[in-house]
Structures are given as C-alpha cells and as structure tokens.
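1. My questions are about this predicted structure, shown below with the sequence.
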Amino acid sequence: LVASGLIVLAAVLKSAQFPFHGWLIQVMEAPTPVSALLHAGIIYTGTFLALRMSPILSVAGGAREAMVLTGLLSVAVASLMMMVETNIKESLAYSTCAQMGFMVMECGLGLYSLAVMHIVAHSVYKAHAFLSSGSVVDHFRAPALPATPESSSALRAFLGLSIGALMTFAVGSLFGIAFQQQPALIVLGMVLSVGVTQLMLPALNARHAGMGSLFLWTGGMSAAVCTAYFGFHRVFDLILGSSLPAAGFSEDAVQRGILGGIAVVFIGLLLLQQRLPEILGKPFWQAVYVHLYNGLYVDIFIARMVGRPATEAAVRPPHPSRSNPSEVLP
C-alpha cells in the first residue's frame with residue numbers, strides 16, 4: 001500500500017497534476033522549440049512510470065481510485081483555466097495538464113493500452129501545436145462572425161451529444177469493443193461523444209442557418225475520427241495486450257459513483273464552454289474568471305511554502321486587451 005501510494009504521488013508530480021502543475025506553466029518562458037520538446041516527450045514520465053508499475057497498481061487497494069480522482073480534478077480545473085488564459089503558450093500548457101490528467105485517469109481505470117495510444121497521439125499533436133503557435137495567434141486575431149442567440153441553444157447541444165454518443169458507440173461496436181463488459185469503456189465512450197459533439201455543434205448551427213452541406217461534411221469527419229480512435233484502440237490492444245495487465249475497474253458503489261462523476265464533469269465542461277460568453281457577462285462569473293486567470297493562486301501558495309521567490313507567480317490582472325471577460329473566446 002505504501003509503495004503504491006508513493007508511485008502514484010511520483011506520477012502525479014511528474015505529470016504536472018493539480019495542484020502541482022505550476023512548474024509546467026512557468027517553464028513556458030523557454031523558447032518555443034524547447035516547449036515543444038518538453039510537451040512531446042519529457043512530460044510523459046509520470047504516465048510512463050504508472051504504466052511500468054501497472055502490475056503493482058492493479059492490485060493495490062485505493063491507488064487506482066486516487067489516480068482517477070486526481071486526473072479528473074486536473075482535467076476539470078486545467079480546462080477551466082485554459083478557457084480564460086490569454087497567453088497562447090500558457091493556454092497550451094494548461095491543455096497539456098488536462099490531457100495528462102486524462103492519461104492518469106485512463107491508467108487508474110485500467111485502460112493501459114489506451115493510455116499508451118494517448119501518449120503517442122498527444123505527443124505528435126502537442127509538438128505541432130507549439131511549433132505552429134504563431135499561426136494560431138494570427139488565426140485568433142482574424143475577425144470572427146458574432147455568435148447568434150441560436151448558437152447557444154441547449155436543445156441543439158443535447159442533439160449534438162445524442163448524435164455523438166450514437167456515432168461513438170455504433171462505430172465502437174463495429175470494431176468489437178465490448179462496452180457492456182467494462183463500464184470504464186462506456187465512460188470513455190461518453191468522453192469521446194463529448195469530443196464529437198464539439199465537432200458537430202458548429203455544423204448543427206450551420207444546418208439551422210440553411211448550410212446543410214457543412215453538416216454532412218462535419219458528420220463524415222466525426223465518423224472518421226471515431227473510426228480512427230477505435231481502430232488505433234484495437235491496434236494498441238493487439239500490440240500491448242500481452243505485456244500490460246488486464247485490470248478492469250471494479251463495479252462497487254464507490255467505483256460506479258466515480259465513473260458517473262467522470263461523465264458529469266466532461267458533459268458539464270462541454271455545456272460551460274458553449275455558454276461561456278453568455279455567463280461571463282454576470283458579476284459572479286466575472287469574479288470567478290479573475291481567480292481562474294490567476295490559477296486559483298495555488299502556485300503562489302506552493303512557492304511560498306518552499307521558500308522560492310514568487311516573482312512569476314504574482315497575481316496578474318486580466319490582460320488589458322481582454323478587460324471584458326466576455327471576450328475571452330474568439
């Protein structure tokens with residue numbers, strides 16, 4: 001039990017999980033190619049440790065639940081901080097923190113081959129994202145059409161989630177994924193459904209405005225994403241199935257509650273992101289925005305605890321070009 005607890009703690013620290021994520025944000029002062037190298041390889045040491053120690057973690061009581069809860073907390077908090085961040089490199093760093101939380105959560109759920117696939121896919125994507133961050137800034141500076149009231153329709157968000165879930169579980173079943181035998185896979189399917197919904201919502205809004213061709217094109221792209229995801233899932237299962245333990249997540253009341261919490265957090269993040277420009281017009285959420293923009297002051301507290309000068313961890317006012325919180329998202 002002690003050994004598994006220390007392994008989990010080491011993995012959490014190396015993976016920049018909340019509240020120990022501050023070092024990852026601060027190293028963004030390095031040149032962008034160095035940031036790309038960090039986020040394409042070095043950051044995965046924590047998850048790699050969890051994978052190497054998976055035979056121990058699979059039989060240790062409480063270790064996997066701790067990994068799932070820690071990863072879920074990092075996903076939720078880092079995603080919210082990423083939404084309000086105005087520095088492109090720090091925004092990408094928060095994205096990495098959330099993705100690492102997702103990987104730690106996959107290891108806790110016993111989906112080790114999926115965690116390996118996630119490492120490979122994320123390393124390629126994040127290296128490209130950092131190296132092309134200048135182009136991303138130019139894209140965000142480009143004029144955008146104002147959002148219409150219909151674009152934030154809760155009914156359309158529910159319709160997009162329903163289409164995403166139907167598409168995800170249909171494609172997964174075609175690849176022989178036995179969702180009914182492993183509840184953790186059902187939850188991961190819901191998470192993928194949320195991602196597909198993000199792709200489908202602009203197309204649903206466009207269809208509402210009479211642009212049906214965009215809806216069909218986006219639907220085809222979403223189906224291709226699901227096919228690639230489950231295709232790689234099967235490939236990594238075949239390659240790594242014999243070298244990693246098959247440890248399904250237990251199905252008692254506590255574990256079922258954790259699985260339900262995962263689905264609620266991801267669906268909540270989806271709805272919050274869709275309504276963000278609207279809710280940030282209210283005083284309460286403007287105050288929340290300021291606290292999130294300053295990282296909930298966690299890094300300042302830790303810097304003082306270890307005796308390090310908190311020069312870069314000082315409280316920041318909102319960016320002068322983003323004084324209106326409703327302008328956070330383009």
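-> Nice, thanks for sending it over.
2. Test my guess that Gly261 contacts Leu72.
-> Yes: between Gly261 and Leu72 there is a contact under C-beta atoms under 8 Å: 6.7 Å. Yep, even glycine has a C-beta here, placed from its N, CA and C like the rest.
3. In terms of neighbours, single out the busier of the two.
-> Of the pair Gly261 and Leu72, Leu72 is the one with more neighbours under other C-beta atoms under 10 Å, namely 21 against 15.
4. SS state for the more buried one?
-> Recorded secondary structure, Leu72: helix (DSSP: H, G, I helix; E, B strand; the rest coil).
5. Tell me where the stretch 51-200 of the chain is predicted with low confidence.
-> 61, 136-137, 139-154 (pLDDT under 70).
6. Would you map the helices across it?
-> Applying DSSP state H, counting those that start in this stretch to the stretch 51-200 of the chain gives helices spanning 54-57, 63-84, 88-108, 112-131, 133-141, 154-174, 183-208.
7. deepest of the ones you listed, which one?
-> Of all the helices of the stretch 51-200 of the chain, helix 88-108 carries the top mean neighbour count, a mean of 24, counting by mean count of other C-beta atoms under 10 Å.
8. quick one: it to helix 63-84, angle?
-> Here the directions of helix 88-108 and helix 63-84 differ by 160 degrees (axes from the mean of the first three to the mean of the last three C-alpha atoms, to 10 degrees).
9. just checking, what packs against helix 88-108?
-> Packing partners of helix 88-108 (3 or more C-beta pairs under 8 Å, 6 or more residues apart in numbering; DSSP states H and E): helix 2-14, helix 22-26, helix 32-40, helix 45-52, helix 63-84, helix 112-131, helix 133-141.
10. what's the angle between the third one and helix 112-131?
-> Taking the same axes, to 10 degrees, helix 32-40 and helix 112-131 form an angle of 170 degrees between their directions.
11. quick one, what contacts the residue nearest to Ile262 when sequence neighbours are not counted?
-> In space, and not counting its chain neighbours, Ile262 is closest to Val187: 5.0 Å by C-beta to C-beta, 6 or more residues apart in numbering. Residues near Val187 by C-beta atoms under 8 Å, 6 or more residues apart in numbering: 109, 259, 262-263.
12. can you tell me which helix in the chain is longest?
-> helix 212-240 (DSSP state H).
13. can you list the domains in the protein?
-> 1-133+282-320, 152-280 (the TED database).
14. And Leu38, how far from Glu29?
-> 12 Å (C-beta to C-beta, to the nearest Å).
15. one step back: let me know which of the helices of the stretch 51-200 of the chain is the nearest to Gly5.
-> helix 63-84 (6.6 Å; C-beta to C-beta).
16. In terms of secondary structure, what does the closest one contact?
-> helix 2-14, helix 54-57, helix 88-108, helix 253-279, helix 283-293.
17. rerun that using 7 Å as the cut-off
-> Helices and strands touching helix 63-84, as assessed by 3 or more C-beta pairs under 7 Å, 6 or more residues apart in numbering; DSSP states H and E, comprise helix 2-14, helix 88-108, helix 253-279, helix 283-293.
18. Make a markdown table from those and add distance to Val116 to it.
-> Shown next, in a markdown table, are the helices and strands packed on helix 63-84 (distance: least, C-beta to C-beta, whole Å):
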| stretch | distance to Val116 |
| --- | --- |
| helix 2-14 | 15 |
| helix 88-108 | 9 |
| helix 253-279 | 20 |
| helix 283-293 | 32 |
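19. Tell me which of those lies nearest to Ile302.
-> helix 2-14 (11.5 Å).
20. Cheers, nothing more for now.
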